[in-house]
Structures are given as C-alpha cells and as structure tokens.
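Colleague: Predicted model and sequence below, questions to follow.
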Amino acid sequence: MMADYLNNGADIYRESFRIIRAESELARFPADLEPVVVRMIHAAADPAIAPDIAYTDSIVDSCHRALAGGAAILCDSSMVATGIIRSRLPRDNEVVCHIKEPRLAALAAQLDVTKTCAAVDLWAQEGLLDGSVVAIGNAPTALLHLLEVAHASGARPAGVIGIPVGFVGAAESKQALVDDDLGLDYLTLLGRRGGSAITVAAVNAIASRAELTNEHI
C-alpha cells in the first residue's frame, strides 16, 4: 500500500488541476472557458483532447446568462442528467431528460427513429428548446436532429454542449454542429471521443466558477 497519499477532496482537485494546467496547451481558450476545458480534461484524464475542443467565444457567457435567467438544461441521457450537480445551478434550474418516459418509446416507434432523436421533438413540442442549455453526451442522432429541428422551428438554444461519443455518427454530428450556419453557441470535442462524463464536467464547470467546491459562484 502507498504509505502517503492525498486524502482530502479539495487537495486532490487542486493537485489534479495543477497537473492538467502544466501538461495541457490551454493558451488559445478564452479566460472564462479555460477552467471548463480543465474540467473536461480532468473527466477524460487526457490532456490530448485539448487541441480537438471546438467552441464559440461566447459559449460560457451565453449559458451563464441563460441559467441565471432560469433556463432548463435538456439532456439526451440519464447519465448526463444524473451527473449535473444541482448545487452548482444558480436558479434551481430544471434538468430535463425524457429517455425513460413511455411516451418517448411510443413516439420513437411511430417515427422509426431513436428515442434520443424523438426526445428532441418533445423538447420542441413542449416549448423547452428556445433559450435552453442543451447537453448531449451520448447520442449523435440527438445532436443531428437538434440542428434539423432548430432550422425547421426557429427555436434557438442559448448554448449546445454537444459531445456525443461513438463510432457511428459521433464525429459527423459534432462537425455538423461546428459547420452549421444557425449561429448557435456551442462547445464540443471533435472526433469519436466524448461521452457523458466529459459533457457533465463541461456543464458543471459552466454553471459555476467554483473549482474546489460544488457551490454556485
């Protein structure tokens, strides 16, 4: 067994973030986005993701303002929704995930699409999409359909944290987000890598500037 090791949560975070900042190239990121990227790298345990992070300059500010105004966070999966730390949210914001709802399965079967794709339609039907913060960490189809629905409906999320993972459609969906002409604010990790842990890390870091606690700041 290790004779001496860090056993305090704040100290572990502090040392982790020190190592990440020492080993990662972060100079290109805006000041308000840099701690978000640090959290993403922490979740991935991989400084090599930094060069593949794509973003709009105002993504943090747009999401901050939306959350401060009470906007909902729309999630593609239970893993993403569960990982959002409520104490970091400024207005006890609603965290929405329809994935376990029976009506979603019925709608997906009716439309012959994935449940996460059908969930985007429900967000729009319920009037949740406009001005929301969207967090997609698993389903490329949800991200692609989000763009389709935004084009068709005119609804505009305040920000899209779109970091789905996988071998089928993940890289393409994230590139579509970057290339789209809607003018959406976004944060993504290009390529196949991604997932709920990195997505949640980004959302939690955007929601609060606190690095060593889970309080809203």
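Modeller: Now that the structure is in, tell me what you want to look at.
Colleague: Walking through this protein, point out its helices one by one.
Modeller: For the chain, helices defined by DSSP state H occupy the ranges 9-23, 34-44, 59-68, 78-83, 102-111, 115-125, 140-153, 170-179, 196-207.
Colleague: what are the C-alpha coordinates of the last one, in PDB please?
Modeller: Yep, that's helix 196-207 we're talking about. C-alpha atoms of helix 196-207 as PDB (Å, rounded to 0.1, in the frame of the first residue of the first chain):
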ATOM      1  CA  SER A 196     -21.500  11.700 -20.600                       C
ATOM      2  CA  ALA A 197     -18.600  12.300 -18.100                       C
ATOM      3  CA  ILE A 198     -16.900  14.900 -20.300                       C
ATOM      4  CA  THR A 199     -20.300  16.500 -21.100                       C
ATOM      5  CA  VAL A 200     -21.300  16.700 -17.500                       C
ATOM      6  CA  ALA A 201     -17.900  18.100 -16.500                       C
ATOM      7  CA  ALA A 202     -18.400  20.900 -19.000                       C
ATOM      8  CA  VAL A 203     -21.900  21.700 -17.900                       C
ATOM      9  CA  ASN A 204     -20.900  21.700 -14.200                       C
ATOM     10  CA  ALA A 205     -18.000  24.000 -14.800                       C
ATOM     11  CA  ILE A 206     -20.000  26.400 -16.900                       C
ATOM     12  CA  ALA A 207     -22.800  26.500 -14.300                       C
END
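Colleague: so the helix or strand bottoming out on mean pLDDT in the chain versus helix 115-125, what angle?
Modeller: Least confident element among the helices and strands of the chain, by mean pLDDT, DSSP states H and E: helix 102-111 (a mean of 88). Per axes from the mean of the first three to the mean of the last three Cα atoms, to 10 degrees, the angle that helix 102-111 makes with helix 115-125 is 110 degrees.
Colleague: Highest mean neighbour count out of the helices of the chain?
Modeller: helix 196-207 (a mean of 25; mean count of other Cβ atoms under 10 Å). C-betas here are computed from N, CA, C, even on glycine.
Colleague: Report the mean per-residue pLDDT for that one.
Modeller: For helix 196-207, mean pLDDT rounds to 97.
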